[in-house]
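[1] got a sequence here, can you model it:
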Amino acid sequence: MHSLSRRLLLSVSAPLALFFGVMMVVLDTGFRALSERTLRELLDSQMVSLIAAAEPQPDGGYAPPPQVREQRLSTPHSGLYAQIRSQQHQWRSPSTAGLAADFGPLLVPGERTITYAAFDHDRVAVESRAIQFADDPTGARAFTFSVAVSLSPYEEQLWRYRQRLVGWFIGLMLVLLVTLAALLHWMLRPVRRLEREIHEVEEGRRENLGAGYPRELAGVATHLNALLIGERKRVARYRDTLGNLAHSLKTPLAVMRSSLPGEARGSTVSAEIDRMSGIIEHQLKRAAASGGALLGQAPVDVAQVAAELRGALLKVYANKDLSLELAVGPGTQFVGDRGDLMELLGNILDNACKWCRSRVRLTAGSDESADPRERLSLVMEDDGPGISEADRARVLGRGVRADQNVPGHGLGLAMVHDTVDLYGGRLSIDTSPLGGARVTVRLPGR
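    Alright, predicted model coming up:
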């Protein structure tokens with residue numbers, strides 16, 4: 001039920017099925033009424049023919065001569081049956097031979113009835129009339145004329161009509177639903193296009209939404225484009241302002257450090273100045289991280305950034321017998337700001353190179369089945385002493401170092417954690433098969 005098209009189809013199908021159901025009931029009722037009226041007319045016509053053909057018999061009864069009566073009355077089990085009966089006499093048509101036929105009781109003169117009965121396994125409609133002849137004023141010679149017609153042909157006809165009726169209505173309903181589905185598909189095509197283009201903007205495959213939308217969606221697309229452009233300008237202006245602030249703060253701190261006497265360079269004041277520099281750098285970088293806000297920005301090639309960092313780190317740690325391995329899947333890309341990826345990878349790889357014995361490995365790839373915010377996987381491993389389970393959550397805090405004897409401000413992993421959090425990703429630390437730490441980062445990518 002998350003599809004608008006499906007909701008519309010289901011909401012239309014219910015009243016449509018109800019309408020067709022009511023129409024079938026109305027048509028079926030009308031057809032049955034017509035069939036009953038036709039049956040009554042047939043009974044009336046056969047009754048008139050029977051009365052007209054009846055002649056007095058020598059025994060005092062009445063019967064139609066064989067040469068004038070209906071052919072079916074002479075054929076056993078033909079579906080048409082007749083009886084002429086009085087208190088003393090009775091005649092039945094030869095068609096009733098072998099049947100347990102009960103035409104009903106005798107009627108009083110002038111009485112007329114239509115009933116339904118069963119002649120063995122054959123359902124019939126029976127019409128009876130009581131006739132009193134003019135030459136018998138006492139009514140002693142009143143005769144009851146009865147005609148019975150089998151209902152099997154009418155029931156079969158009604159059954160075939162109902163089958164065709166249901167078949168036609170089901171077919172018509174399916175045709176209408178398919179037509180409606182096609183119309184909905186055509187009408188909602190601009191909505192699907194808007195969804196697709198927004199998804200492409202999120203993944204960095206386009207910068208803005210296209211034009212040519214219908215009037216109802218044109219305003220939405222225009223305002224979204226305005227928001228995208230405004231967001232890019234805002235982030236750019238924000239970063240420029242923060243860069244200027246960072247530059248302005250560095251100068252006073254440098255003056256404070258240089259104004260310290262030589263013997264105080266290693267004092268608590270100097271250490272606090274260094275700590276202030278680290279905190280300012282961390283907070284400014286955290287605030288400057290885009291966190292995926294730059295929608296429509298071209299994706300960043302992870303292999304290129306990793307190769308640049310590898311070259312720089314091999315120079316920085318040239319005094320180590322360092323092996324820095326890169327295993328980046330072809331076409332692996334980061335959807336976000338290049339500077340954020342450079343800082344994130346740089347901090348983690350720098351930590352790994354600092355703590356490793358001789359080997360560092362970076363593995364990167366994308367998983368299209370994962371959440372859009374976690375499709376890019378970055379795994380950094382080293383063969384150093386690793387991070388104990390008790391320290392894994394603690395080292396992500398600002399200013400915390402697992403080993404105080406190693407130089408640093410304890411901000412690297414904190415910056416990484418903040419950047420990952422801003423992008424809606426995930427960071428975890430465990431033990432690497434190489435023997436040291438393994439840092440796994442999941443970020444938006446493709």
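[2] which one is residue 444 nearest to, not counting chain neighbours?
    residue 335 (4.2 Å; C-beta to C-beta, 6 or more residues apart in numbering). Every residue, glycine included, has its C-beta placed from N, CA and C.
[3] try residue 86
    Here the residue nearest residue 86, using C-beta to C-beta, 6+ apart, is residue 143, at 4.8 Å.
[4] pLDDT score for that neighbour?
    On the pLDDT scale, residue 143 is placed at 90.
[5] how about residue 23?
    pLDDT recorded at residue 23 is 91.
[6] now do residue 80
    In this model, residue 80 carries a pLDDT of 91.
[7] re the thing from before, pretty sure the residue nearest to residue 86 contacts residue 131?
    Yes: applying C-beta atoms under 8 Å, one finds residue 143 in contact with residue 131, separated by 5.2 Å.
[8] have a look at those two and say which one is more surrounded.
    residue 143 (26 against 17; other C-beta atoms under 10 Å).
[9] coming back round to it: can I assume the residue nearest to residue 444 is in contact with residue 203?
    Yes: proximity of residue 335 to residue 203 meets the contact threshold set by C-beta under 8 Å, at 5.8 Å.
[10] hey, what's in contact with both of the two?
    Each of 299, 446 lies in contact with both residue 335 and residue 203 under the rule C-beta atoms under 8 Å, 6 or more residues apart in numbering.
[11] looking at those two, which is more packed in?
    residue 335 (25 against 18).
[12] next up, phi/psi of the more buried one, please.
    For residue 335, the backbone dihedrals (degrees, to the nearest 10) come out as phi -90, psi 100.
[13] check what pLDDT it gets.
    At residue 335, the model reports a pLDDT of 84.
[14] and what of residue 407?
    pLDDT, residue 407: 44.
[15] same check on the one 5 residues further on?
    At residue 412 the predicted local confidence, pLDDT, stands at 62.
[16] my read: residue 122 touches residue 149, true?
    No: using C-beta under 8 Å, residue 122 is not in contact with residue 149; the gap is 10.4 Å.
[17] where do the contact lists of those two overlap?
    residue 79.
[18] more neighbours: which of those two?
    residue 149 (20 against 16).
[19] distance check, the more buried one against residue 337.
    Distance from residue 149 to residue 337, counting by C-beta to C-beta, to the nearest Å: 91 Å.
[20] and what of residue 429?
    24 Å.
[21] more neighbours, the two?
    Taking other C-beta under 10 Å, residue 429 and residue 337 do not tie; residue 337 has more neighbours (22 against 19).
[22] just give me the neighbour total for the residue nearest to residue 364 when sequence neighbours are not counted.
    Counting by C-beta to C-beta, 6+ apart, residue 328 is the residue found nearest to residue 364 once chain neighbours are left out, at 4.3 Å. A total of 18 residues lie near residue 328 under the criterion other C-beta under 10 Å.
[23] ok, residue 328 - contacts?
    By C-beta under 8 Å, 6+ apart, the contact list for residue 328 reads 302-303, 306, 362-365.
[24] residue 443 now?
    Contact partners of residue 443, counting by C-beta under 8 Å, 6+ apart, are 334-336, 341, 344, 373-376, 378, 420, 423, 425.
[25] let's go with 6 Å and repeat that
    376, 423, 425 (C-beta atoms under 6 Å, 6 or more residues apart in numbering).
[26] now it: how far from residue 86?
    Separation of residue 443 from residue 86 (C-beta to C-beta): 106 Å.
[27] ok, residue 424 next?
    Applying C-beta to C-beta to residue 424 and residue 86 gives a distance of 101 Å.
[28] repeat that for residue 435.
    With C-beta to C-beta as the criterion, residue 435 and residue 86 are 119 Å apart.
[29] please apply the same query to residue 439.
    Per C-beta to C-beta, residue 439 is found 113 Å from residue 86.
[30] about what we covered before: and the pLDDT for the residue nearest to residue 364?
    Here, the pLDDT recorded for residue 328 equals 90.
[31] what's the lengthiest helix in the chain packed up against?
    As assigned by DSSP state H, the longest helix anywhere in the chain is helix 4-53. Judged by 3 or more C-beta pairs under 6 Å, 6 or more residues apart in numbering; DSSP states H and E, the packing partners of helix 4-53 are strand 122-131, strand 143-150, helix 152-187.
[32] between these, which one is nearest to residue 53?
    Residue 53 lies closest, by C-beta to C-beta, to one member of these: strand 143-150, at 10.6 Å.
[33] how is the chain divided into domains?
    Following automatic domain parsing, one finds the domains of the chain at 4-157, 198-297, 299-443.
[34] tell me which of these sits most buried.
    Stretch with highest mean neighbour count among those: domain 299-443 (a mean of 18; mean count of other C-beta atoms under 10 Å).
[35] how far out from the middle of the chain is it?
    Averaging C-alpha positions (C-alpha atoms, centre = their mean, to the nearest Å) puts domain 299-443 39 Å from its chain's average.
[36] between the two ends of it, how far is it?
    Terminal residues of domain 299-443 are spaced 12 Å apart (C-alpha to C-alpha, to the nearest Å).
[37] residue 199 and residue 415, how far apart?
    Taking C-beta to C-beta, one finds residue 199 at 30 Å from residue 415.
[38] can you tell me the closest non-neighbouring residue to residue 73?
    residue 93 (4.0 Å).
[39] residues contacting stretch 122-131, please?
    By C-beta under 6 Å, 6+ apart, stretch 122-131 touches 39, 43, 47, 103-104, 107-109, 111-117, 142-151.
[40] and the domains of the chain, which one's lowest on average pLDDT?
    Among these, domain 198-297 scores lowest, at a mean of 70.
[41] about what we covered before: would you format the domains of the chain as CSV with distance to residue 174 included?
    Listed next are the domains of the chain as CSV, based on distance: least, C-beta to C-beta, whole Å:
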stretch, distance to residue 174
domain 4-157, 10
domain 198-297, 29
domain 299-443, 36
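[42] of all the ones you listed, which lies closest to residue 165?
    Closest among those, using C-beta to C-beta: domain 4-157, at 5.7 Å.
[43] could you tell me the end-to-end distance of that closest one?
    44 Å.
[44] quick one: that domain to chain centroid distance?
    Using C-alpha atoms, centre = their mean, the offset of domain 4-157 from its chain centre is 57 Å.
[45] same thing with stretch 192-209?
    How far stretch 192-209 lies from its chain's middle: 21 Å, per C-alpha atoms, centre = their mean.
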